[in-house]
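*Asks:* got a structure for you, letters missing:
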């Protein structure tokens, strides 16, 4: 075996493993769902010669703020659709590139702060984690945002001159914020690092962090102003009240107060173990990296953990904290367990994660979605229908008879014209996902398309109205 190949064999194996998981069954695993469907609809409208907007009923909502993702997600997807046509595979192709970018940058940052061997272990934890891969393959904002975040942290750690360091890191942090709204948590993390640097009288760090903070806002703010011009008055306040501060039906720290039992599930127990190893790793590596970088990472872990506890209990809200902990887990495991025991435990975790992902665990396959789309194209193109599932509507050929109707409220301030059909359009059958109880209610009036996707009857009062009119 050539010396170069022998030296970098683990990296080659990691690369092959990553490419396999990133690209396999790209169009069907994981299954597409509402968020991805909305993003693909927006990208498709742009790719087909429209503008940056999403078709809702008879209208277009331009620059829709409720998507909570920005042009760093939508524009690459639109370009791919324009080049390769509309399909889940085409829409997801840029996301594979983001996964690759994240993996390479993550390895480089881990290598810088912990060494080559630890970086190999950290990257193996990353690419075998199904939550990372299955959040990264769909058209979502989390992994693109994390890619820019890791790039920003690497720039901040690697560049010596304070202003240059702040400029590069700030632009990349701003792109992270732009990619996914929740990554605006980088701002309070920068604030914590800034206060600590100020107390320690590290003036070059204060300058770098100030520059980074200003540029983070400067990159994101113009896009927010564009969205605000197309946003109902008061919407931002209502969004913060409902989804951040616990307004409406969502109490503050919902998970702890209403759904604490989910914390006993395997992914969250594993996260607890990562906290133990990660904290030990941070202590072990604190002298190998800038204090400000360490403070930012630790603050982000706490902030994303708090965001998870204050939201719906979805693991993808906790994913950024998990991935940041992976940077320190190998060093922490060695510190707590010793070299051999750490290698055994980490190897078992990586093997379990890989087998879990190979077995399609943690997410559903999308074959029923593809069957449903094919059936609608073949048999329902001449019927006026409301499509209530964005992942279906995003793949259908343009047809004025088919309108997208938002089934669930995706924004507290969505104007009525985007979610309430016109009176003359109300009596249409609808395509939606149904549960067992709904199937029983509809009986033989519902027609199965594939899996849980059905064409369901029009509202009950429509038959009476039609009988009276006739």
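*Replies:* Thanks, I have it. Since we're looking at a predicted model, the values are computed, not measured.

*Asks:* does anything pack onto the host helix or strand of residue 106? Which helices or strands?
*Replies:* Assessed by DSSP states H and E, residue 106 sits inside helix 88-114. Here helix 88-114 touches helix 9-23, helix 34-47, helix 71-84, helix 116-128, helix 130-136, helix 142-158, helix 266-285, helix 315-326, going by 3 or more C-beta pairs under 8 Å, 6 or more residues apart in numbering; DSSP states H and E. (Each C-beta comes from the backbone N, C-alpha and C, glycine too.)

*Asks:* now residue 416: how far from residue 57?
*Replies:* Residue 416 is 10 Å from residue 57, where distance means C-beta to C-beta, to the nearest Å.

*Asks:* any idea of the pLDDT on the most centrally placed residue in the chain?
*Replies:* For the chain, the residue nearest the mean C-alpha position is residue 142 (3.0 Å; C-alpha atoms, centre = their mean). pLDDT, residue 142: 96.

*Asks:* quick check: it touching residue 135?
*Replies:* Yes: at 5.2 Å, residue 142 counts as touching residue 135 under the criterion of C-beta atoms under 8 Å.

*Asks:* helix or strand with the lowest mean pLDDT in the protein?
*Replies:* The helix or strand of the chain with the poorest confidence is helix 235-243; it has a mean of 55 (mean pLDDT, DSSP states H and E).

*Asks:* ok now the next helix-or-strand element following that helix, how far from the chain's centre?
*Replies:* Counting by DSSP H and E, the next helix or strand C-terminal to helix 235-243 is helix 254-258. When distances are taken as C-alpha atoms, centre = their mean, to the nearest Å, helix 254-258 is centred 22 Å away from the chain's centroid.

*Asks:* over to stretch 277-295?
*Replies:* The chain centre lies 26 Å from the centre of stretch 277-295; the measure is C-alpha atoms, centre = their mean.

*Asks:* swap in stretch 314-328?
*Replies:* Centroid separation between stretch 314-328 and its chain, computed with C-alpha atoms, centre = their mean, is 12 Å.

*Asks:* for it, give me every contacting residue.
*Replies:* The contact list for stretch 314-328 (C-beta atoms under 8 Å, 6 or more residues apart in numbering) reads 106, 109-110, 113-114, 122, 125-126, 129, 131-132, 135, 140, 142, 145-146, 149, 182-183, 267-268, 271, 274-275, 277-282, 284-285, 297, 300-301, 304-305, 307-308, 311.

*Asks:* same question for stretch 354-374.
*Replies:* With C-beta under 8 Å, 6+ apart as the test, stretch 354-374 has contacts from 17, 21, 25, 27-32, 88, 128-131, 133-134, 391-392, 395-396, 431, 449-453.

*Asks:* could you list the domains of this structure?
*Replies:* Per automatic domain parsing, the domain ranges recorded for the chain read 73-358, 367-469.

*Asks:* would CSV of those with distance to residue 9 be doable?
*Replies:* Shown next, in CSV, are these (distance: least, C-beta to C-beta, whole Å):
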stretch, distance to residue 9
domain 73-358, 10
domain 367-469, 36
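
*Asks:* could you tell me the least trusted of the ones you listed?
*Replies:* domain 367-469 - the lowest mean pLDDT of those, at a mean of 86.

*Asks:* still on that earlier bit, buried set for the helix holding residue 106?
*Replies:* For helix 88-114, the neighbour count (16 or more other C-beta atoms under 10 Å) marks 88, 90-96, 98-114 as buried.

*Asks:* again, but for stretch 195-205
*Replies:* The neighbour-count check on stretch 195-205 (16+ other C-beta under 10 Å) flags 196, 197, 202, 205 as buried.

*Asks:* possible to save those residues as TSV with secondary structure?
*Replies:* Formatted as TSV, the buried residues of stretch 195-205 follow (DSSP: H, G, I helix; E, B strand; the rest coil):
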residue	secondary structure
196	helix
197	helix
202	coil
205	helix
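
*Asks:* which of those residues sits closest to residue 84?
*Replies:* Using C-beta to C-beta, residue 205 comes nearest to residue 84 of these, at 45.7 Å.

*Asks:* residues in contact with that closest one?
*Replies:* 162, 193, 197, 290, 291, 292.

*Asks:* my guess is the last one meets residue 209, correct?
*Replies:* Yes: at 6.2 Å, residue 292 counts as touching residue 209 under the criterion of C-beta under 8 Å.

*Asks:* list residues touching both of the two?
*Replies:* Taking C-beta under 8 Å, 6+ apart as the contact rule, residue 292 and residue 209 both touch 193, 197.

*Asks:* next one: the nearest residue to residue 451 once chain neighbours are set aside from residue 387, what distance?
*Replies:* Nearest non-adjacent residue to residue 451, counting by C-beta to C-beta, 6 or more residues apart in numbering: residue 368, 2.7 Å away. Using C-beta to C-beta, residue 368 is found at 16 Å from residue 387.

*Asks:* now residue 22
*Replies:* With C-beta to C-beta as the criterion, residue 22 and residue 387 are 30 Å apart.

*Asks:* swap in residue 254?
*Replies:* Look at residue 254 and residue 387: by C-beta to C-beta, they are 31 Å apart.
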